[in-house]
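Student: A structural model of the following input is requested.
(one chain, ligands or ions: 1)
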Amino acid sequence: MNVMSLKPRILIAEENPEIRDLIVMHIESEFNAELIYAENVDHAIKLINNTQDFSLIVAQYNFMGKNSSRIYRFLTENKLEIPFILLTQQFPSYDEMLKGFLLKRIQNVYLKYPVKEHELVEEISRILKIKRPSLREQFRRIRGNKVAFFHKEDVPIFIMDHTNKYVQLTHISDISNDDDFYFVPTEKYAELSTKINQKLIDTLTSDAVPTVQKFEIQVDSINKIHSSLLDLGLSREEIELGQAVHRSSVEILSKNKRMSKLIGSLMKYQKYSSELIMMTNYLSVAIVGQTDWASDNSMQKLSMAAIFQDLSLQNDELVSIASTDDPRFEKLSEDLKKEVINHPAKSVALIHEVKPIQDVANNIKEVVLNHHERPLGKGFPRKLTTEHLSGLSCIFIMAHEFSHRLLYEKINLDILKKIADDFESTYSDSHFRKPYDAFKKIFHKKNIIN
Ligand SMILES: [Fe+2]
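Tutor: Numbers count the residues shown, from 1 in each chain. The predicted model follows:
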């Protein structure tokens, strides 16, 4: 591409506003590019489909609850040769949609998330074949909206006068236009961007921020979950109780370093899994509350099981396959099929690692191992029939199935009625009878389930 005649158009798909800001700052400091922002994976695909003339895509791997490998698959399916910079902690080699990504190294590259300034700029200049002026230059360019930030860090700010000389600004308050460009010494720019980067990495991996708090920052949809549960008929008390039990589970588990890390990264990157944890937690605690099994102990077990259920499967795409009847299951590779089938057992193995819960571990294990079992032996991994499931397992299975459908299907009143009918025909027998009656009690207030 001839840079002099045409501005490259770069599509940016990054959900963390601070990191997005940093990426933009780095690109603008070097290149005259038109930057376009995607709101989510589907939006990105729509933008590409509409114009098809992007010069480059810079995308975070886990982007707004979906994997941006879908964007890449869209490119390959449509034979679009748009270079792709994937930002990720680790290259997800298990992701089938990224097949062939690394073979095209000339145009595709993955960079370690969040992203280092020199790596990003070097790759962009290599891919777009734009020479980096600042390798020789003393100054880097910044936008007006970044001036205050650099100034606060005691970095001198310059403008370029009409004779192309850099003149230092003495009164920062003179700056009025956010869109204008200013200049800062290259050395200072590099120093500060390293500092920001380190700060970002610290925040992303910090142990100082308690997991409970991280959880609540990440699950921005928690209010949405609460209000949809209220709409369905749960009372405020039931929601508060569910929340209290959940908090205490996270607190216990996050004392264990490995668990804290696993839970933290799941919350951060896996939207479906996080919401599934919350939903199954609230529902199973509320259901058990309507039975004579109700106790702090049984609630804690269910809430722990909600967290552990998919902890061994850190990939939303796989977690959201609730049944082997899901058409997406058949399309998986043999390895991934195995991963799905084996994840309950693998999650159970993680329970061993947490000492403080060993007293109740057996119950939690049973519930986690069975969370994909279904009535009449239709589930997995063991295709157990109903008589082999404990009461707590039955409660959890119903909560899991209901949560999955709430999160996965576009909910409206008709769908809810359909789910209710399905439940009536599937879950009202044998060991499910008592949990099902309790389940109905929660929802009868809104007449969704008769
Ligand atoms: Fe699962």
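Student: and the residue of the chain found nearest the ion, what is it in contact with?
Tutor: Relative to the ion, the nearest point of the chain is residue 310 (4.3 Å; Cβ to the ion). Every residue, glycine included, has its C-beta placed from N, CA and C. Shown in contact with residue 310 (Cβ atoms under 8 Å, 6 or more residues apart in numbering): 266, 273, 276, 319, 343, 347.
Student: let's see 6 Å
Tutor: Residues near residue 310 by Cβ atoms under 6 Å, 6 or more residues apart in numbering: 273, 319.
Student: any weak-confidence spans in the stretch 101-250 of the chain?
Tutor: Residue ranges of the stretch 101-250 of the chain with pLDDT under 70: 134-136, 174-176, 203-223.
Student: now the strands for it?
Tutor: Here the stretch 101-250 of the chain has its strands, by DSSP state E, counting those that start in this stretch, at 108-112, 139-143, 158-160, 166-168, 181-185.
Student: pLDDT score assigned to the residue nearest the centre of the chain?
Tutor: Closest to where the C-alpha atoms of the chain average out (Cα atoms, centre = their mean) is residue 269, at 2.7 Å. Residue 269 is assigned 71 on the pLDDT scale.
Student: swap in residue 20?
Tutor: Looking at residue 20, its pLDDT reads 90.
Student: Apart from its neighbours in sequence, what residue is nearest it?
Tutor: Nearest non-adjacent residue to residue 20, counting by Cβ to Cβ, 6 or more residues apart in numbering: residue 14, 4.3 Å away.
Student: Quick check, the one you found in contact with residue 60.
Tutor: Yes: between residue 14 and residue 60 a contact is recorded at 4.7 Å, counting by Cβ atoms under 6 Å.
Student: pLDDT of stretch 296-312, averaged?
Tutor: Stretch 296-312 comes out at a mean pLDDT of 93.
Student: list the buried ones in that stretch?
Tutor: 298-312 (16 or more other Cβ atoms under 10 Å).
Student: about what we covered before: can you lay out the strands of the stretch 101-250 of the chain as a markdown table showing mean neighbour count and distance to residue 293?
Tutor: Putting the strands of the stretch 101-250 of the chain into a markdown table (neighbours: other Cβ atoms under 10 Å; distance: least, Cβ to Cβ, whole Å) gives the following:
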| stretch | mean neighbour count | distance to residue 293 |
| --- | --- | --- |
| strand 108-112 | 18 | 48 |
| strand 139-143 | 21 | 60 |
| strand 158-160 | 16 | 71 |
| strand 166-168 | 12 | 73 |
| strand 181-185 | 20 | 64 |
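Student: mind putting those in JSON lines, distance to residue 291 included?
Tutor: Converted to JSON lines, the strands of the stretch 101-250 of the chain look like this (distance: least, Cβ to Cβ, whole Å):
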{"stretch": "strand 108-112", "distance to residue 291": "49"}
{"stretch": "strand 139-143", "distance to residue 291": "60"}
{"stretch": "strand 158-160", "distance to residue 291": "71"}
{"stretch": "strand 166-168", "distance to residue 291": "74"}
{"stretch": "strand 181-185", "distance to residue 291": "65"}
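Student: a markdown table for those strands, including distance to the ion?
Tutor: Conversion of the strands of the stretch 101-250 of the chain to a markdown table gives the following (distance: least, Cβ to the ion, whole Å):
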| stretch | distance to the ion |
| --- | --- |
| strand 108-112 | 28 |
| strand 139-143 | 45 |
| strand 158-160 | 56 |
| strand 166-168 | 59 |
| strand 181-185 | 50 |
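Student: Got phi/psi on the residue located most distally from the centre of the chain?
Tutor: Using Cα atoms, centre = their mean, the residue of the chain lying farthest from its centre is residue 163. It sits 49.4 Å away. As for residue 163, its main-chain torsions (degrees, to the nearest 10) stand at phi -100, psi 20.
Student: now swap in residue 76 and tell me
Tutor: Dihedral angles for residue 76 - degrees, to the nearest 10 - are phi -70, psi -40.
Student: How about it: what's its closest non-neighbour residue?
Tutor: residue 100 (6.9 Å).
Student: Next, the one you found: secondary structure please.
Tutor: With DSSP: H, G, I helix; E, B strand; the rest coil as the basis, residue 100 sits in coil.
Student: near the ion, which residues of the stretch 101-250 of the chain show up?
Tutor: Within the stretch 101-250 of the chain, no position lies close to the ion (Cβ under 5 Å from the ion).
Student: in the stretch 101-250 of the chain, which spans are helices?
Tutor: Assigned by DSSP state H, counting those that start in this stretch, the helices in the stretch 101-250 of the chain fall at 117-127, 144-152, 186-205, 211-218, 222-232, 236-254.
Student: what angle separates the third one from strand 139-143?
Tutor: Think helix 186-205. Following axes from the mean of the first three to the mean of the last three Cα atoms, to 10 degrees, one obtains 50 degrees for the angle between helix 186-205 and strand 139-143.
Student: The ion contacts on the stretch 301-450 of the chain?
Tutor: Residues of the stretch 301-450 of the chain lying near the ion (Cβ under 5 Å from the ion): 309, 310.
Student: Give the residue spans of the stretch 301-450 of the chain that score low on pLDDT.
Tutor: 314, 410-412, 444-450.
Student: quick one: the helices in it?
Tutor: 316-319, 327-330, 334-351, 361-369, 391-408, 413-426, 433-443.
Student: Hmm, residue 235 and residue 443 touching each other?
Tutor: No: using Cβ under 6 Å, residue 443 is not in contact with residue 235; the gap is 11.3 Å.
Student: quick one: which of these two has more around it?
Tutor: residue 443 (20 against 13; other Cβ atoms under 10 Å).
Student: so how far is residue 228 from the more buried one?
Tutor: Look at residue 443 and residue 228: by Cβ to Cβ, to the nearest Å, they are 12 Å apart.
Student: correct me, but residue 347 touches residue 312?
Tutor: Yes: when contacts are counted by Cβ under 6 Å, residue 347 is listed as touching residue 312 (4.4 Å).
Student: domain ranges for the protein?
Tutor: Domain assignment for the chain by automatic domain parsing gives 9-135, 137-185, 206-446.
Student: In TSV, list these along with distance to residue 199.
Tutor: Shown next, in TSV, are the domains of the chain (distance: least, Cβ to Cβ, whole Å):
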stretch	distance to residue 199
domain 9-135	9
domain 137-185	12
domain 206-446	10
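Student: What does the spatially closest residue to residue 379 that is not a sequence neighbour show for phi and psi?
Tutor: Using Cβ to Cβ, 6+ apart and skipping residues adjacent in sequence, the residue nearest residue 379 is residue 373, 3.7 Å away. Here is the backbone geometry of residue 373 (degrees, to the nearest 10): phi -70, psi 150.
Student: can you give me phi and psi for the residue nearest to residue 76?
Tutor: Phi and psi for residue 100, reported as degrees, to the nearest 10, are phi 90, psi -10.
Student: Measure how buried it is and give me the count.
Tutor: 10.
Student: what's the answer for residue 187, then?
Tutor: Residue 187 has 12 neighbours, counted by other Cβ under 10 Å.
Student: same deal with residue 291?
Tutor: 17.
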